[in-house]
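>>> take this sequence and fold it.
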Amino acid sequence: MLIKSLKIILAISGGVTGFTIVRVLQDEYLSAFSLGIKISAYIIVTTFFAILAYFITGKLMQMVSRTFGKAEKTVSDLSLYEILISFFGLLLGLIVANLVAIPLKNIEIIGGPIAVILNIFFGLVGMYLLYRKRDEITLSNFRGLVAKESLKVIDTCVLIDGRLNEVVKTGFIKGPFLIPSFILMELQILADSNDSKKRSRGKRGLELLEMLKNDNANILIKDTEYDRMAIETDLKLIKYAQKHKYTILTLDYNLNKVAGVTGIKVLNINDLSSSLQTMAIPGETVQIDIQKAGKEENQGIGYLADGTMVIVENGKQFIGKNMEVEVTSVTQTSAGRLIFTKVS
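I've put the predicted structure just below:
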C-alpha cells in the first residue's frame, strides 16, 4: 500500500514536470503551431512523464530494497513510534535533498526533474536509516541516562527458569530488559509443541514473562532484523547483542562461553546463584545424604540444602545413607558449584 501510494504521488510529480517542460519550450518551439497541437503536446508529454515516473519509482524502490535490504515490515505492522521515526527520517532526507538541489534548480529543463529525483532518493534513504536505528533513538539515550551496555537481552532459558523474577524484585539486577521477538517466538513454538515436556516449559516461560512484565515497567519486546532468519536462536541472540552492544542474560553455559569469546558482556544467573551458595572449605566436614551413584567408579552423589552437588569419593556403597564427609576441593563453573569430598 505504501509503495503504491508513493508511485501515484510521484506519477503526479512526473506529470507536473512534463507539463512544466512543455510550458518552458512553448514560446520557442511551439508558438507557430495551432492550439490543438499545443494541447496535444501538453497531454502527450505530461502523460509520458507521469507514466515514466510511475514505473521508475517501482524500479527505484527495488534498487533501494536490494541496496539496503528488504523491507522489514508492512505498514500495518508498524507501531506509532516507528511511523513517527520514519516520518522524521523522511523530513531529514528531504531537507538534505533540497539543500543539494539549490544550485541545480536553475538549470533549464532538467533542473526540475533532478530536484525531484534527489528528493525521492534522499527521502527514502532518510526513512530507511532512521527506521533501522529506531532502537537507539530513545529519550534516555539522548540524555545519556541509559548506556547500551546496561540494556539486557533475556535468553529463553532465563524466562523458563523463573529465578529472574525473584532476583529483579530484590533489586540486585535492574533493567531495562529487552526481549527480542525471536525469543518470544521460540517460547510460543515450545508452548505449541506436541511434546508434553516442551509444551509445559513453553507455557511456564510465557506465564513467567507475563508476571515479569506486570511487575517491571522496564520490559521491552522488540521486533528485530533477525526474527525471520532461518538460524538457531542462540546465534540470533549473539549476533543481535554483538551488533547493538547489549548485555545477554542467560543460564546457558555454552552460550555464555561463545558470547564471552565474541566480546559480548554476559550475566549468568547460575553464577549469581552459585555465589550465594554455602561456602565449603577444604578440610571441613558436612553431613550429606548420598542419593545416587556418580559417573566415576565408586562415586556417590548428594546435595546440600541449597542444591549444591556434592561428589563423594568411594561413596557408592553408602547410597541411601546419611554420612559425614570431608571436603577435599571445590570447583566453580558457570553450570554451578561442585564440592568434592570423601567419607570421613
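
>>> centre-most residue in this protein?
Thr224 (3.5 Å; Cα atoms, centre = their mean).

>>> my guess is that residue contacts Ser181, does it?
Yes. Using Cβ atoms under 8 Å as the test, Thr224 is close enough to Ser181 to be in contact (6.2 Å). The way it works is simple: take the backbone N, C-alpha and C, and place the C-beta from them, glycine included.

>>> tally of neighbours for Phe19?
By other Cβ atoms under 10 Å, the residues close to Phe19 number 16.

>>> when you give positions from now on, start the count at 8
Understood, numbering begins at 8; the last thing we discussed is Phe26.

>>> tell me how far it lies from Ile19.
11 Å (Cβ to Cβ, to the nearest Å).

>>> repeat for Thr240
46 Å.

>>> those two: who's more crowded?
Per other Cβ under 10 Å, whichever of Thr240 and Ile19 has more neighbours is Thr240, with 17 against 13.

>>> now the more buried one: phi and psi?
phi -60, psi -40 (degrees, to the nearest 10).

>>> let's verify the nearest residue to it once chain neighbours are set aside: helix, strand, or coil?
Nearest non-adjacent residue to Thr240, counting by Cβ to Cβ, 6 or more residues apart in numbering: Glu193, 5.1 Å away. Following DSSP: H, G, I helix; E, B strand; the rest coil, Glu193 is assigned to helix.

>>> compute the number of surrounding residues for Glu193.
Neighbours of Glu193 using other Cβ under 10 Å come to 21.

>>> surely it and Thr163 touch.
Yes. In terms of Cβ under 8 Å, Glu193 counts as a neighbour of Thr163; the distance is 5.1 Å.

>>> can you pull the residues that touch both of the two?
Jointly contacting Glu193 and Thr163 under the rule Cβ atoms under 8 Å, 6 or more residues apart in numbering are Thr240.

>>> by residue count, which strand of this protein is the longest?
In the chain, taking DSSP state E as the definition, the longest strand is strand 329-340.

>>> what's in contact with that one?
Contacts of strand 329-340 (Cβ under 8 Å, 6+ apart): 260, 281, 287-297, 309, 317, 319-320, 322, 344-351.

>>> can you list contacts of the very next helix or strand once past it?
Counting by DSSP states H and E, the next helix or strand C-terminal to strand 329-340 is strand 343-350. For strand 343-350, the surrounding residues in contact (Cβ under 8 Å, 6+ apart) are 277, 280-281, 284, 287, 293, 295, 311, 314-322, 325, 330-339.

>>> show the subsequent helix or strand relative to the lowest-mean-pLDDT helix or strand in the chain.
Across the helices and strands of the chain, the lowest-confidence element by mean pLDDT, DSSP states H and E is helix 146-150, at a mean of 48. Reading on from helix 146-150 to the C-terminus, the next helix or strand found by DSSP H and E is strand 159-161.

>>> pull up the pairing partners for that next one, direction included.
The strands beside strand 159-161 in its sheet (DSSP bridges) come out as strand 184-187 (parallel), strand 254-257 (parallel).

>>> adding mean neighbour count, write those strands out as CSV.
What follows is those, written out as CSV (neighbours: other Cβ atoms under 10 Å):
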stretch, mean neighbour count
strand 184-187, 23
strand 254-257, 23
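
>>> can you give me the helices in the stretch 8-157 of the chain?
All helices of the stretch 8-157 of the chain, identified by DSSP state H, counting those that start in this stretch, fall at 9-32, 42-75, 87-108, 118-139, 146-150.

>>> what helices and strands are in contact with the third one?
When contacts are defined as 3 or more Cβ pairs under 8 Å, 6 or more residues apart in numbering; DSSP states H and E, helix 87-108 sits against helix 118-139.

>>> and the helix it packs on, what does it pack against?
Counting by 3+ Cβ pairs under 8 Å, 6+ apart, helix 118-139 packs on helix 9-32, helix 42-75, helix 87-108.

>>> Lys181: which of the ones you listed is closest?
Proximity to Lys181 (Cβ to Cβ) singles out helix 87-108 among these, at 23.2 Å.

>>> so how far is the closest one from its chain's centroid?
23 Å (Cα atoms, centre = their mean, to the nearest Å).

>>> got the CA positions of it in CSV?
Extracted C-alpha coordinates of helix 87-108, given in CSV (Å, rounded to 0.1, in the frame of the first residue of the first chain):
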residue,chain,number,x,y,z
LEU,A,87,3.2,4.6,16.1
TYR,A,88,6.7,5.2,17.3
GLU,A,89,8.2,3.5,14.2
ILE,A,90,5.9,5.5,11.9
LEU,A,91,7.0,8.8,13.6
ILE,A,92,10.7,7.8,13.3
SER,A,93,10.2,7.0,9.6
PHE,A,94,8.4,10.3,9.1
PHE,A,95,11.2,12.3,10.7
GLY,A,96,13.7,10.4,8.6
LEU,A,97,11.7,11.4,5.5
LEU,A,98,11.8,15.1,6.6
LEU,A,99,15.6,15.0,7.2
GLY,A,100,16.1,13.4,3.8
LEU,A,101,14.0,16.0,2.1
ILE,A,102,15.9,18.8,3.8
VAL,A,103,19.2,17.4,2.7
ALA,A,104,17.9,16.8,-0.9
ASN,A,105,16.7,20.4,-1.2
LEU,A,106,20.0,21.8,0.1
VAL,A,107,21.8,19.7,-2.5
ALA,A,108,19.3,20.7,-5.2
